[in-house]
Structure formats: C-alpha cells, structure tokens
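Trainee: need a 3D model of the following:
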Amino acid sequence: MSRINASNLVIKEKSEKCFEDYLNNHGYEYIKDYKLKGGKEIDFLVQGKNIYVYCDVKAILVSKDNSTNMNVAIKRLRKDLSELRKKFNLSKPDFPLILVSMNFSNESITGFTYARAMYGEMTFGLKPLHHMEKGNAAMTIKHNTGISGILGFNYENTIESYLFHNQFAENPIPPKFFPSTIDVINSRDSTRTNLELLGGTLIQPYIRRLSE
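Mentor: Residues are numbered from 1 along each chain as shown. From the prediction side, this is the model:
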C-alpha cells in the first residue's frame, strides 16, 4: 500500500471514529458498516425517533501543494456525492441519506463552498449574487434527489456543525435530527443576503487530530 493510500485510510478511520463518538455521546442506536442491497456498505444506519437515516462519512483533505483551494473542496464534495449515490445503483434510498463531511484540510471551509457544491456556481452583475442557471450543480430537481443533505461536521465543537438540507430531497431529514448542530435551509433561489451569510458558516479544520 502506498503512503498516500495508507494516509487516506487513517483519515477515513479517524473520520468514522469522530462521528461514531458523536453518536455514542448523544445516545443514538446505530449499525456500523450497514450492508445495502447489491453488497455495498454505508458507514452508519442511524436510528432516530420514528426514522432511520443513512450516514456516509468522507473527508476533505489537504491538496498536493499543502493548501485547500475552495475549488478543490467543491470538486471533492461533488465527487463524494456522486460516489454516495452510486452505492444504491438504480434504486432510491428508502431512508434519508446524508453525506457526513469532515474537514481534514488545513483551512476552514465555509457554507458558501457547500452551497456551490450542492446548487452550482454563483455569479453577480446586473442581478445580485445568485446561483447560475447552468452552474454544474450536484443537486437539482432531477439529480441526486435521493441524497437528503450534507452534514459539515465540526468534531471539536459540534454546536458549530451544519446540516445543509437538499431542497430537492425525496426523503428530507427532519430538522433537529442531529443534536447540537445547526440546520441550514438553503436553495438555488436563495437571496443574496442568505448566500452572503453562508460566508460566516465555518467548518473548522482539525488536521491536528491525525497525530492523536
């Protein structure tokens, strides 16, 4: 195994452990490495009040030049969303499905970045800041409707973790499903004010946890 693959495996294991600690601390019941139809696995099937939620954990990493360009983070998020959807092949998830995104880079990642990954690139000019009509969106009325949202997870301070809901989700996740996290109800039609507020929504880095 190469050093890069070994490092990615360590980060994957630590990311899952971070989320599992959170579930245990809040008294959730869950099944780890849940087997899906077709033989693929989802990291966690979490039981809430009268609902189950699929949760798959991924990490945004430091890039080759030791930086975290926001465009790199967006590409990573879109790739993670695509791979998550493929786990269910042609079928639709029977429960809400969440991508749990850990920030193992060396910079904070804003909600603005998550919004761009979900609903496409943004622009301004004659109109205020808005999502572009053709902006390479990962989530549309016809695409990735089986994914309920992205949980930008801050392990060190989960009260500053943010659940970005997918407005097009066929199985929306109920607000306040995850204790001590903040629900972000955003959309492709969000106003300039709402979009600019996302700039203050920070998913903090914790690359230092690799040394623990």
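
Trainee: measure stretch 150-162 end to end?
Mentor: Taking CA to CA, to the nearest Å, the first and last residues of stretch 150-162 lie 8 Å apart.

Trainee: flag the shaky bits of the chain, pLDDT-wise.
Mentor: By pLDDT under 70, the weakly predicted segments of the chain are 1-7, 62-69, 120-141, 143, 156-159, 186-202, 204-212.

Trainee: now do the strands in the protein.
Mentor: Taking DSSP state E as the criterion, the chain carries its strands at 29-35, 41-48, 51-61, 97-104, 109-110, 122-123, 130-131, 149-153, 161-165, 181-184, 202-203.

Trainee: give me whichever of these is most buried.
Mentor: Among the strands of the chain, ranked by average contacts under mean count of other CB atoms under 10 Å, first place goes to strand 149-153 (a mean of 27). Bear in mind the C-beta positions are built from the backbone N, C-alpha and C, glycine included.

Trainee: give me the angle between that one and strand 97-104.
Mentor: Relative orientation of strand 149-153 and strand 97-104, computed by axes from the mean of the first three to the mean of the last three CA atoms, to 10 degrees: 30 degrees.

Trainee: can you list contacts of strand 149-153?
Mentor: Contact with strand 149-153 is made by 18-19, 22, 55, 77, 81, 98-103, 109, 111, 114, 117-118, 161-166, 169, 173, 178, 181, 201, 203, as judged by CB atoms under 8 Å, 6 or more residues apart in numbering.

Trainee: recalculate using a threshold of 7 Å.
Mentor: With CB atoms under 7 Å, 6 or more residues apart in numbering as the test, strand 149-153 has contacts from 19, 77, 98-102, 114, 118, 161-166, 169, 173, 178, 181, 203.

Trainee: make a markdown table from the strands of the chain and add distance to residue 70 to it.
Mentor: As requested, those are exported to a markdown table (distance: least, CB to CB, whole Å):
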| stretch | distance to residue 70 |
| --- | --- |
| strand 29-35 | 32 |
| strand 41-48 | 25 |
| strand 51-61 | 10 |
| strand 97-104 | 12 |
| strand 109-110 | 7 |
| strand 122-123 | 12 |
| strand 130-131 | 16 |
| strand 149-153 | 14 |
| strand 161-165 | 15 |
| strand 181-184 | 17 |
| strand 202-203 | 12 |
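
Trainee: and residue 142, which of those strands is closest to it?
Mentor: Minimum separation from residue 142 across the strands of the chain (CB to CB) falls at strand 130-131, 15.9 Å.

Trainee: can you pull the contacts of the closest residue to residue 52 other than its chain neighbours?
Mentor: In space, and not counting its chain neighbours, residue 52 is closest to residue 95: 4.5 Å by CB to CB, 6 or more residues apart in numbering. Taking CB under 7 Å, 6+ apart as the contact definition, residue 95 lies against 52-54, 171.
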